[in-house]
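S.K.: only geometry, no sequence info:
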Ligand SMILES: Nc1ncnc2c1ncn2[C@@H]1O[C@H](COP(=O)(O)OP(=O)(O)O[C@H]2O[C@H](CO)[C@@H](O)[C@H](O)[C@H]2O)[C@@H](O)[C@H]1O
Ligand SMILES: OC[C@H]1O[C@H](O[C@H]2[C@H](O)[C@@H](O)[C@@H](O[C@H]3[C@H](O)[C@@H](O)[C@@H](O)O[C@@H]3CO)O[C@@H]2CO)[C@H](O)[C@@H](O)[C@@H]1O
């Protein structure tokens, strides 16, 4: 046990990279962060390092090239010799959602899957997200930091666990825990879908500021490959608008003090539709120097949340980060194609340039051989028996007539206009006469929940609508159905189609003979974003064409496209053509492995000091397979 006193951290920035000198007014407003005197009790955190100790990282890199060489960790714990195997980069992912601890949708999934894939390549990886619940696998580090947000000082506490080679760090504060009290669900952002918490700017500023502290104050010794604080030479990967102010704080608070000098920020857009637009007067809440105002400044024609001039967090994230990334190459093109698909940020994205990297899929979570949500698990040897049973189990579970010969079409997704549940509901009228069952799982806007429930009432023998966030049911649906329909008006990447293609495929590498009964899901997708990149018409699924992005109304042409494609897909049920498509799906690698390599290349190009390519070595890779999260 050690008692450590850390010096107060008071910003006295006099210049900001790319923004010139700060005015005295701005200086006064700068966040003042002080790290509390702490008595460390957690066994894994025997001492709290001060800045001097962060020098250990370059030493680590020097020896890291000689994998598995024993080195003396001179500053941390003089008595113990540590094995250093890692090389590569030091990565800090920051996000409002991290699955499976917190998830309202795909953002949580990506933060669950990409970081372990980067760790598997030998990088040191941390994720930082809010502690929305009492996660049973995350321990109190007993490290507290005082953070100034607006005009108040808030104390955050860090919780931590180490899973699949990743340090999962959770920021504990009543603004998160008191409001949400659950792993998933709409309460992360507001009391209900479509309504935001009034203090979201404060909540997510706090997250960003805490994320900037964690690499410096947490002395993590989770694995034999890396130890001590993460230090200064890090790449932050900020995700969506909630983390868009992070590069601004990096530049205004830390870098002028010589901290994080070579650190860089990559900003990843998962969904341009949510930008964090607030009243212009709220800029003062952010405690940023006035030089940043122009990066936030935004005009639109909407009245929400106020009429006229606004601040726009995502705009600032795009302009202030070192790289802008999004989740598929096709979406990257759409974002710069014009104001409608770029949601009025197209000009700024064009200026910043953007790279699209397709998402992968967590092939541990979606592995039918180990899937904890499936009553019948299967692999290549048992798939032919298991899949029809899973379909029957699904039909029984949702209360539809149990018949393995009826094709089942599923929809799983957030009930937002983006996902087009309203288009699907209208289209169902046009193909319900086919031999088909339809199951819809989704939660979100109340009027859309009512709409899907309405279609079940209309066709009780053929349609089921479940207005819930139900992860086990999503797994059972994707395992037990034949087709997945994704009628999105826009879709940055889309994970459902990957999950669908994965089920019972790829890693099993079955012989591809006798697959008549192999009921993989084939996707019917709108031609947008990652759905274009991942589903090839007639080869791995069915394209429905691009839909009208206007969310206020349903375009009859889109309804017809869904109905026609559904009929086209149903006509292939049990035919060699469908079998061929199934084979093609099975031949793909949809895991995070390929995308992680692309991410590595992009992040290396930022040139953070000490950054090196990772390794594919056996020493590190198994880390990604251990410790499946059990929050
Ligand atoms: N009611 C429910 N019950 C249980 N599980 C449910 C559910 N509704 C959705 N899910 C799950 O949530 C995830 C949703 O994935 P999507 O790709 O549709 O992401 P989403 O649009 O939320 O995220 C955004 O970010 C992701 C990640 O970058 C992009 O793929 C996507 O295009 C973009 O819109 C899937 O894992 C799905 O199974
Ligand atoms: O993982 C699922 C998505 O999660 C995030 O989206 C959330 C968004 O960032 C929040 O701001 C909020 O969006 C609401 C919006 O703020 C509000 O003004 C109104 O338009 O309703 C919106 C929906 O409730 O909640 C979103 C989740 O529902 C993430 O940013 C996305 O990329 C993910 O797709």
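M.R.: In hand now; what should we look at? Treat the numbers as computed from the prediction; the structure is a model and nothing was measured. Ligands and ions are numbered 1, 2, ... in the order given.
S.K.: going forward, measure contacts between C-alpha atoms and count neighbours the same way
M.R.: Fine.
S.K.: Which secondary structure elements does the helix or strand harbouring residue 425 sit against?
M.R.: Secondary structure from DSSP states H and E places residue 425 in helix 421-431. Under the contact definition 3 or more CA pairs under 8 Å, 6 or more residues apart in numbering; DSSP states H and E, helix 421-431 sits against helix 446-458, helix 556-571.
S.K.: what's the domain layout of the chain?
M.R.: Domain segmentation of the chain under the TED database yields 90-360+599-614, 382-589.
S.K.: Of all the ones you listed, which one is nearest residue 370?
M.R.: Nearest to residue 370 among the domains of the chain is domain 382-589 (11.2 Å), distances taken as CA to CA.
S.K.: Now do the contacts for residue 418.
M.R.: 488, 489, 490, 491, 551 (CA atoms under 8 Å, 6 or more residues apart in numbering).
S.K.: my guess is the second one meets residue 526, correct?
M.R.: The one in question is residue 489. Yes - between residue 489 and residue 526 there is a contact under CA atoms under 8 Å: 7.2 Å.
S.K.: Mind listing the shared neighbours of the two?
M.R.: What both residue 489 and residue 526 touch, as defined by CA under 8 Å, 6+ apart, is the set 546, 547.
S.K.: between those two, which one's more packed in?
M.R.: residue 526 (28 against 24; other CA atoms under 10 Å).
S.K.: Could you report the separation of the more buried one from residue 149?
M.R.: Applying CA to CA, to the nearest Å, the value for residue 526 to residue 149 is 42 Å.
S.K.: pLDDT below threshold where in the chain?
M.R.: Within the chain, the segments meeting pLDDT under 70 span 1-87, 181-186, 379-381, 383-384, 502-520, 586, 616-631.
S.K.: contacting residues around the residue sitting nearest the centre point of it?
M.R.: In the chain, the residue lying closest to the centroid (CA atoms, centre = their mean) is residue 107, at 2.8 Å. By CA under 8 Å, 6+ apart, residue 107 lies in contact with 97, 98, 270.
S.K.: Export those to JSON lines and append columns for secondary structure.
M.R.: Output for the contacts of residue 107, formatted as JSON lines (DSSP: H, G, I helix; E, B strand; the rest coil):
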{"residue": "97", "secondary structure": "coil"}
{"residue": "98", "secondary structure": "coil"}
{"residue": "270", "secondary structure": "coil"}
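S.K.: Out of those residues, which comes closest to ligand 2?
M.R.: residue 270 (4.3 Å; CA to the nearest ligand atom).
S.K.: Ramachandran coordinates for that closest one?
M.R.: phi -90, psi -20 (degrees, to the nearest 10).
S.K.: What count of nearby residues applies to residue 541?
M.R.: With other CA under 10 Å as criterion, residue 541 counts 25.
S.K.: Residue 436 too?
M.R.: With other CA under 10 Å as criterion, residue 436 counts 17.
S.K.: doesn't residue 462 make contact with it?
M.R.: Yes - with contact defined as CA under 8 Å, residue 436 counts as touching residue 462 (7.0 Å).
S.K.: Kindly provide the distance from the closest residue to ligand 2 within the stretch 1-150 of the chain to ligand 1.
M.R.: Residue nearest to ligand 2 within the stretch 1-150 of the chain: residue 105 (3.3 Å; CA to the nearest ligand atom). Distance, residue 105 to ligand 1, using CA to the nearest ligand atom, to the nearest Å: 3 Å.
S.K.: Same check on residue 314?
M.R.: From residue 314 to ligand 1 the distance is 15 Å (CA to the nearest ligand atom).
S.K.: That residue touches residue 247, doesn't it?
M.R.: No - Residue 314 is beyond contact range of residue 247, at 11.4 Å (criterion: CA under 8 Å).
S.K.: among the helices and strands packed on helix 421-431, which is nearest residue 426?
M.R.: Nearest to residue 426 among those is helix 556-571; the distance by CA to CA comes to 6.3 Å.
S.K.: Would you mind getting the angle between the closest one and helix 421-431?
M.R.: Orientation check (axes from the mean of the first three to the mean of the last three CA atoms, to 10 degrees): helix 556-571 against helix 421-431 gives 60 degrees.
S.K.: what's near enough to touch the residue of the stretch 1-150 of the chain closest to ligand 2?
M.R.: Per CA under 8 Å, 6+ apart, neighbours of residue 105: 413, 414.
S.K.: Look up how far residue 582 lies from it.
M.R.: Residue 105 is 26 Å from residue 582, by CA to CA.
S.K.: With residue 368 as the reference, name the closest of the domains of the chain.
M.R.: domain 382-589 (6.1 Å).
S.K.: Quick one: end-to-end distance for the closest one.
M.R.: Span of domain 382-589 from end to end, CA to CA: 21 Å.
S.K.: How about stretch 253-268?
M.R.: OK, stretch 253-268 end separation, CA to CA: 22 Å.
S.K.: what does stretch 422-438 give?
M.R.: Using CA to CA, first and last residues of stretch 422-438 are 14 Å apart.
S.K.: same check, this time on stretch 347-359
M.R.: Taking CA to CA, the first and last residues of stretch 347-359 lie 24 Å apart.
S.K.: Just the buried residues of it, please?
M.R.: 347, 348, 349, 350, 354, 355, 356, 357, 358, 359 (16 or more other CA atoms under 10 Å).
S.K.: any residues touching it, and which ones?
M.R.: Contacts of stretch 347-359 (CA under 8 Å, 6+ apart): 110, 315, 318-319, 323-332, 335-336, 493, 495, 530, 533, 592, 595, 598-599.
S.K.: now do 7 Å
M.R.: For stretch 347-359, contacts defined as CA atoms under 7 Å, 6 or more residues apart in numbering pick out 318-319, 324-329, 332, 336, 493, 530, 595, 598.
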